[in-house]
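> Here is a sequence with its predicted model. Questions after.
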Amino acid sequence: TNSGYIPVNLKFTTGGWNLAGETRYIYDGMTVVQERDQNNVPLVTYTRGNDLNGSLQGAGGIGGLLARTDQTASTPSHAYYHADGNGNITAMVSFQQNLVAKYLYDPYGNILAKSGLLADANVYRFSSKEWHAASAFYYYWYRFFSPNLQRWPNRDPFGKLGFESIRSTAVPLWKRMFYPGDSFLEINRYKFVDNSPVDQMDYFGLTARPTNPNRNPDPNPDPNPSPCGDFTNKTCTDACKSIYGTNNKMLQACITVCKTVGGKSCRSLFAYCEHLMRHGAGNPAKACMTVYDELCLGE
C-alpha cells in the first residue's frame, strides 16, 4: 500500500493562487482504496473485489468496485456499486437498499443523466474510473480521457524508452519495442479504443481491449494447439506467408527469423526480437515483432 496527495481545490486571491483544499489518496497497487484530507483524516474508503479480468487490478479495476464508505460523519455510511457489462457504474444503493445514485452515459462516457444523493459525491463512474469535474476528464492512470472530445488529450507514450521498460506484455510487441514515427501503420496516438467504446475498453490508458474476448470465438479453432507457447519452423513460416503474402522483402526477412528461431519457444522468439531491436536490424526486427504477435499473442 502506498500513498500520495493531489491538491484539488485552488482559489485565486490577489497576488496568486492559494491552496483551499487537498485530497490525499491511499493506493493498493494502482487502485485507490481511501481518500484523506490534509490532516490525514479518512474521508472515503473504497472496497474492491475482482475486476473484469478476474483479478484485483488486471483490468485496471474496471468493474471491481464493491462499496463506498463515507467516513465524514460520526457513524460511517455505506453505499454499494452496481455496474453494467463494460464496468460502467450505473447505480449505487444504500445499506437500506435505497437508490442513492444513478447514471446514464453515451458510448464515450458523457453523462446523459444522473440523479440521487451521491450522484455528485461519487467520482467513480464510466469504466469505473475516477471523474475529475474541474477538467471534465476521466483518470486512466497513464493518461486522462476527455469524453467530450472522445479522445485522449495527450499522445500514447509508446516508444518512449523510460515507458517501454514498464509497459504490459499484453500490448503488441511492435508497439512496446519499436518507435518508427507517426506515419508507421498510420497510428493515431490520440484515438480512444479504436473509436469503438461499446465493444472495446482501455484498462490503463494504453491500448484497446475487447470488452468480451469470447464474443467472436474462432470458428475453426486449432485442434492441436502448440503446447507451452512452442511452435515449429513450419508454423512460423506459414504465419509469415499469411502476414506478408507477396511482399517478398518482408516475407524473406520473416522467414529468416523463423529459420533462426523456429522449433523453439515464444520466449526464445521474444529474446531474438529484442536482440534485433538492440542492433537496429530494420526489416528483420519489424518482421520478428509482427510474427511474434501472430504466434504468441494472437494479435
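That came in fine, so what should we check first?
> how about the strands of this structure, start to end?
When secondary structure is read from DSSP state E, the chain shows strands at 2-13, 16-28, 31-36, 42-48, 65-70, 77-83, 89-94, 99-105, 111-115, 130-132, 137-139, 144-145, 200-202, 208-210.
> With mean pLDDT and mean neighbour count added, can I get those strands in JSON lines?
For the C-beta atoms, the positions are set from N, CA and C on the backbone; glycine is no exception. As requested, those are arranged in JSON lines below (pLDDT from 0 to 100; neighbours: other Cβ atoms under 10 Å):
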{"stretch": "strand 2-13", "mean pLDDT": "55", "mean neighbour count": "11"}
{"stretch": "strand 16-28", "mean pLDDT": "84", "mean neighbour count": "13"}
{"stretch": "strand 31-36", "mean pLDDT": "94", "mean neighbour count": "18"}
{"stretch": "strand 42-48", "mean pLDDT": "96", "mean neighbour count": "17"}
{"stretch": "strand 65-70", "mean pLDDT": "97", "mean neighbour count": "17"}
{"stretch": "strand 77-83", "mean pLDDT": "97", "mean neighbour count": "18"}
{"stretch": "strand 89-94", "mean pLDDT": "98", "mean neighbour count": "20"}
{"stretch": "strand 99-105", "mean pLDDT": "97", "mean neighbour count": "19"}
{"stretch": "strand 111-115", "mean pLDDT": "97", "mean neighbour count": "12"}
{"stretch": "strand 130-132", "mean pLDDT": "95", "mean neighbour count": "17"}
{"stretch": "strand 137-139", "mean pLDDT": "96", "mean neighbour count": "20"}
{"stretch": "strand 144-145", "mean pLDDT": "95", "mean neighbour count": "20"}
{"stretch": "strand 200-202", "mean pLDDT": "88", "mean neighbour count": "22"}
{"stretch": "strand 208-210", "mean pLDDT": "78", "mean neighbour count": "16"}
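> Next, format the ones you listed as JSON lines and append distance to residue 268.
Below are the strands of the chain laid out as JSON lines (distance: least, Cβ to Cβ, whole Å):
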{"stretch": "strand 2-13", "distance to residue 268": "36"}
{"stretch": "strand 16-28", "distance to residue 268": "36"}
{"stretch": "strand 31-36", "distance to residue 268": "35"}
{"stretch": "strand 42-48", "distance to residue 268": "38"}
{"stretch": "strand 65-70", "distance to residue 268": "41"}
{"stretch": "strand 77-83", "distance to residue 268": "41"}
{"stretch": "strand 89-94", "distance to residue 268": "44"}
{"stretch": "strand 99-105", "distance to residue 268": "45"}
{"stretch": "strand 111-115", "distance to residue 268": "49"}
{"stretch": "strand 130-132", "distance to residue 268": "41"}
{"stretch": "strand 137-139", "distance to residue 268": "39"}
{"stretch": "strand 144-145", "distance to residue 268": "38"}
{"stretch": "strand 200-202", "distance to residue 268": "31"}
{"stretch": "strand 208-210", "distance to residue 268": "27"}
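> And those strands: which comes nearest residue 288?
When these are compared by Cβ to Cβ, strand 208-210 sits nearest residue 288, at 23.4 Å.
> neighbouring contacts of the closest one?
59, 170, 193-194, 196, 199-203 (Cβ atoms under 8 Å, 6 or more residues apart in numbering).
> Okay, now the sheet partners of that strand, with direction.
Sheet partners assigned to strand 208-210 using DSSP bridges are listed as strand 200-202 (antiparallel).
> Report the distance from the partner strand to the chain centre.
Mean-position distance between strand 200-202 and its chain equals 7 Å (Cα atoms, centre = their mean, to the nearest Å).
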